[in-house]
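*Asks:* Okay, here's the prediction I keep looking at, along with the sequence it came from:
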Amino acid sequence: GKLENRFDALLKQHMDATFELARKRPSLLKQCLKVSELEEKADRNRPQELQKNYSVMLLEKLRESLENRFNAVFSNAIQTDITDALRIVEQIYDNLPIIQQVNRYFPSKYQMYEFYAGNIHRNLRACLGNVATRPGLTPG
């Protein structure tokens with residue numbers, strides 16, 4: 001009931017903060033992942049409508065979080081200066097060591113480094129596509 005709903009909300013909140021947890025509270029990230037793994041095992045014995053699907057939710061939250069972070073930083077810079085936008089992209093790639101740190105806490109089946117790198121590349125392609133179609137773009 002209420003406790004389960006509160007727990008689900010809290011777990012989702014922590015899933016949204018994976019980067020911060022990896023840096024500041026890795027033990028909490030580990031606990032969230034343990035819960036996800038235990039619930040995934042329990043889901044095998046539950047009817048479809050009662051399954052938690054935490055691992056699917058976790059990946060979706062991570063994808064959304066990364067996309068939102070990327071778009072927020074990149075879209076603001078595009079409006080003012082494309083050079084700044086490209087510097088920001090470089091900073092995002094500089095975060096790959098953080099992703100390696102995050103990767104340490106996840107079971108290998110998640111392939112987190114590949115997940116993050118693939119999403120970064122996908123988001124970069126989309127943002128650069130937006131830049132390319134920007135009116136008034138000069139060769140300079």
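*Replies:* The structure has been received and is ready for your questions.

*Asks:* for stretch 15-26, the distance to its chain's centre please.
*Replies:* Averaging C-alpha positions (Cα atoms, centre = their mean, to the nearest Å) puts stretch 15-26 11 Å from its chain's average.

*Asks:* CA-only coordinates of that stretch, as CSV, when you get a sec.
*Replies:* Included here for stretch 15-26 are C-alpha records, laid out as CSV according to Å, rounded to 0.1, in the frame of the first residue of the first chain:
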residue,chain,number,x,y,z
MET,A,15,17.6,6.2,-9.9
ASP,A,16,17.4,9.8,-11.2
ALA,A,17,20.5,10.7,-9.2
THR,A,18,22.8,7.9,-10.3
PHE,A,19,25.7,10.2,-11.2
GLU,A,20,25.5,12.0,-7.8
LEU,A,21,25.1,8.7,-5.9
ALA,A,22,28.2,7.2,-7.6
ARG,A,23,30.3,10.2,-6.6
LYS,A,24,28.9,11.0,-3.1
ARG,A,25,27.0,7.9,-1.8
PRO,A,26,28.1,4.8,-3.6
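
*Asks:* who touches it?
*Replies:* For stretch 15-26, the surrounding residues in contact (Cβ atoms under 8 Å, 6 or more residues apart in numbering) are 14, 28-29, 32, 57-58, 61-62, 65, 95, 98, 101-102, 105. All C-beta atoms are positioned from the backbone trio N, CA, C, and that covers glycine.

*Asks:* In helices, which of the residues you listed fall?
*Replies:* 14, 28-29, 32, 57-58, 61-62, 65, 98, 101-102, 105 (DSSP state H).
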